[in-house]
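>>> here is my input, please return the structure:
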Amino acid sequence: MAVPVDDRSGKPVLTTATLSQQVYAHLRAGILDNTYPPGSALPEEALAAKLNVSRVPVREALRRLSAEGLVTVVPRQGATVTELTSKQILDAYQVREALEVLAMRLAVPKLTAADIEQLDTLQQAMQSAADAGDANAFFTANAAFHGFLVDKAGNGDLKSIYESLIDRM
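Below is the predicted model of the structure:
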């Protein structure tokens, strides 16, 4: 991964992230935005060549993504973007439900009038999207609604686990 260059000045944009962290961020973003859809092969050599890095940072990034459940690594076969089975999706939804109940319990006593207005706005956005049959807008508003409550819960471990679970789903 060559050093990024500022479009306006042409000067290098320096970053403190290691190559492994940069590769990880690139691959993670690509998995989450479906550039690398479930089941896609993630060959180390091809990724290293595409990103202009050695295989070592790619391998480290793939290990990290594997630990998060986003990538499945099979020795001597390579890595692929994880495909969830129906059971895994059901299991994840059950855990998500429990986490969201905890988030509600922790967040509600802390909510301000402005927070309640924000939740109402998000709920109205979900209703409007549902009425219009716009699934993408509905799920975007729904994710924002639940994410808002998780943030307001003020529990870093809850937020970390929740976000990791949502990313896998």
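>>> element containing the residue nearest to Tyr36 when sequence neighbours are not counted?
Closest residue to Tyr36 apart from its sequence neighbours, by Cβ to Cβ, 6 or more residues apart in numbering: Gly30 at 4.6 Å. Using the backbone N, CA and C atoms, a C-beta is placed for each residue, glycine as well. Using DSSP states H and E, Gly30 sits in helix 19-32.
>>> now for the host helix or strand of Arg105, which elements pack on it?
Using DSSP H and E, Arg105 sits within helix 86-107. Using 3 or more Cβ pairs under 8 Å, 6 or more residues apart in numbering; DSSP states H and E, the elements in contact with helix 86-107 are helix 135-153, helix 156-168.
>>> pull the CA atoms of that helix into PDB?
Extracted in PDB, the C-alpha atoms of helix 86-107 (Å, rounded to 0.1, in the frame of the first residue of the first chain):
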ATOM      1  CA  SER A  86     -29.000 -19.600   9.000                       C
ATOM      2  CA  LYS A  87     -28.200 -20.900  12.500                       C
ATOM      3  CA  GLN A  88     -25.400 -18.400  13.000                       C
ATOM      4  CA  ILE A  89     -27.600 -15.500  11.900                       C
ATOM      5  CA  LEU A  90     -30.300 -16.600  14.400                       C
ATOM      6  CA  ASP A  91     -27.700 -17.000  17.100                       C
ATOM      7  CA  ALA A  92     -26.300 -13.500  16.400                       C
ATOM      8  CA  TYR A  93     -29.800 -12.000  16.500                       C
ATOM      9  CA  GLN A  94     -30.500 -13.600  19.900                       C
ATOM     10  CA  VAL A  95     -27.200 -12.100  21.200                       C
ATOM     11  CA  ARG A  96     -28.000  -8.800  19.600                       C
ATOM     12  CA  GLU A  97     -31.400  -8.700  21.300                       C
ATOM     13  CA  ALA A  98     -29.800  -9.300  24.700                       C
ATOM     14  CA  LEU A  99     -27.200  -6.600  24.100                       C
ATOM     15  CA  GLU A 100     -29.900  -4.100  23.000                       C
ATOM     16  CA  VAL A 101     -32.000  -4.900  26.100                       C
ATOM     17  CA  LEU A 102     -28.900  -4.100  28.300                       C
ATOM     18  CA  ALA A 103     -28.200  -1.000  26.300                       C
ATOM     19  CA  MET A 104     -31.800   0.200  26.900                       C
ATOM     20  CA  ARG A 105     -31.500  -0.600  30.600                       C
ATOM     21  CA  LEU A 106     -28.300   1.400  30.900                       C
ATOM     22  CA  ALA A 107     -29.300   4.300  28.600                       C
END
